[in-house]
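S.K.: make a model of this:
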Amino acid sequence: MKRSIVAIATLLLCRASAFGAAPAFELVDGDRVVLIGGTLIERDQSYGYLETRLTRRYPDRSITFRNLGWSGDTPEGISQAGFGSPADGFKHLVEHVLTLKPTVIILGYGANESFEGKAGLPKFLQDLDKLLKAIEPTKARLVFLSPTRQEDLGPPLPDPARHNADLAIYRDALKAEAERRGAVFVDLFDLLPKGDKAATWRHLTNNGIHFTPYGYWRESAAIEESLGLTPQQWAVGIHFDKTRGGANYGGTVGTDARAVPGGFRVQMLDTLLPASRPPDGSPDRPETDRVLKVLALDPGRYTLKVDGKPVATADAAAWQKGVVIEKGPEFDQVEALRSAINAKNELYFYRWRPQNETYLFGFRKHEQGQNAREIPQFDPLVAAKEAEIAKLRKPVPHVYELIREGEVGR
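M.R.: Numbering: from 1, shown residues only. Below you'll find the model as predicted:
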């Protein structure tokens, strides 16, 4: 008997955030996000998980990100001094921030300073206040990231308990400072486990301090949720019986739905791209699954194809319970987006931190200073990557077909 599919809307409940409810901090069209801080910030640009998560949230908004992180840096800009004085480092940092005219600034300080213990806290807060006053003309909205817990990886690395007590002091001070300024505070301190040495696969760092790719993937999810941005749910339910059919779409819009021999065909356009999957080798699952449930199928095995390529095969009973879709063109697109973001960040890194800066702008510029004119030539390269990112952040329609083995879809 001929079967039809009728689309109806469905609303899915989002799971509660593990990091606590917070007012949503949305990025708006035209926002220019600048990240400043130490190693946590600088290395983030090599993986792109955070920027990819936030970029995919707003497929129709033009938002740019610039990473000014510098390993070992403090609010004084000491890592940026080069052969100059600490004052030169501070000037270097402030000038670059002001030049970018940010509307949002994400700050990641406190980890390096925590090694001074409680005694170093007053100076840290004084230096932070000086920096914030210097960049105040931007009128940017501020997001404070806490330092992360030092992970306990066991011997021969030291017991981090004492250092974590100091890190907690700086975390609490940053939280109070964010509240005083009406800024957003993201607590990353409790992102890391408190010392479960048995769960080695959950380690987020390679030395107790510096994140692995898996650590940055976890960090990006924590920040997204702490900003009040709930994970996007994707669930589709298809129902067949002898008299009617129906479909529920969550996180995607289905059109041109129809029966085909042994199954169905529908074109779907997602609201948002999925979040990046965990790095290779991680046993974690994404914070949300893409689930396709198909009811009242005849017995047999069925293969789901997206744009003609198989992505999942299961029997009718499994499809009735719901099959998690773990690959497909949407996942390929979000990884292409992350790759473009990483390439853009690398180009901008060479734009603002050329490797031979001493010869171009420093005390040896009399030797090769004429080559400084080449640095602005990175700008069109960065702009080209921004155009690629703008295209990749937008979902595109794909054709989903579920076909029973032995049948030919049409």
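
S.K.: so G89: helix, strand or coil?
M.R.: Put simply, G89 is helix when judged by DSSP: H, G, I helix; E, B strand; the rest coil.

S.K.: so it sits right up against G72, yeah?
M.R.: No. The pair G89 / G72 is not scored as a contact, 10.9 Å apart, by Cβ atoms under 8 Å. The C-beta positions use only the backbone N, C-alpha and C, and glycine is treated the same way.

S.K.: low-confidence ranges in the stretch 1-150 of the chain?
M.R.: Across the stretch 1-150 of the chain, the ranges flagged by pLDDT under 70 are 1-23.

S.K.: what ranges do the helices span in it?
M.R.: 39-44, 49-57, 86-100, 121-134 (DSSP state H, counting those that start in this stretch).

S.K.: can you list the buried residues in the longest one?
M.R.: By neighbour count with 16 or more other Cβ atoms under 10 Å, helix 86-100 contains the buried residues G89, F90, K91, H92, L93, V94, H96, V97, L100.

S.K.: thinking again about what came up before, mind putting the helices of the stretch 1-150 of the chain in JSON lines, distance to A222 included?
M.R.: Shown next, in JSON lines, are the helices of the stretch 1-150 of the chain (distance: least, Cβ to Cβ, whole Å):
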{"stretch": "helix 39-44", "distance to A222": "12"}
{"stretch": "helix 49-57", "distance to A222": "10"}
{"stretch": "helix 86-100", "distance to A222": "25"}
{"stretch": "helix 121-134", "distance to A222": "22"}
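
S.K.: neighbours of P299, how many?
M.R.: Residues lying near P299 (other Cβ atoms under 10 Å) number 8.

S.K.: element containing it?
M.R.: For P299, there is no enclosing helix or strand under DSSP states H and E.

S.K.: pLDDT at the residue nearest to it when sequence neighbours are not counted, what is it?
M.R.: Spatially, and ignoring its direct neighbours in sequence, P299 is nearest to A316 (5.4 Å; Cβ to Cβ, 6 or more residues apart in numbering). Turning to A316, the model gives it a pLDDT of 94.

S.K.: how about the contacts made by A316?
M.R.: Applying Cβ atoms under 8 Å, 6 or more residues apart in numbering, we find A316 in contact with V294, L297, D298, P299, G300, R301, Y302.

S.K.: what sits in contact with each of G89 and G72?
M.R.: Common neighbours of G89 and G72 (Cβ under 8 Å, 6+ apart) are I78, S79.

S.K.: tell me the SS of A257?
M.R.: strand.

S.K.: got a list of contacts for whichever helix in the chain runs longest?
M.R.: What stands out as the longest helix in the chain, according to DSSP state H, is helix 329-352. Contacts made with helix 329-352 from outside it, assessed by Cβ under 8 Å, 6+ apart, are listed as 45-49, 51-52, 55-56, 65-68, 96, 270, 273-277, 290, 306-307, 309, 375, 378-379, 381-382, 385-386, 388-389, 392-393, 395-396, 398.

S.K.: of those residues, just the buried ones, ChimeraX syntax please.
M.R.: The ChimeraX selection below is limited to those of the contacts of helix 329-352 classed as buried (16+ other Cβ under 10 Å):
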select :45,47,48,49,51,52,55,56,65,66,67,68,96,270,273,274,275,276,277,290,306,378,382,385,386,388,389,392,393,395,398
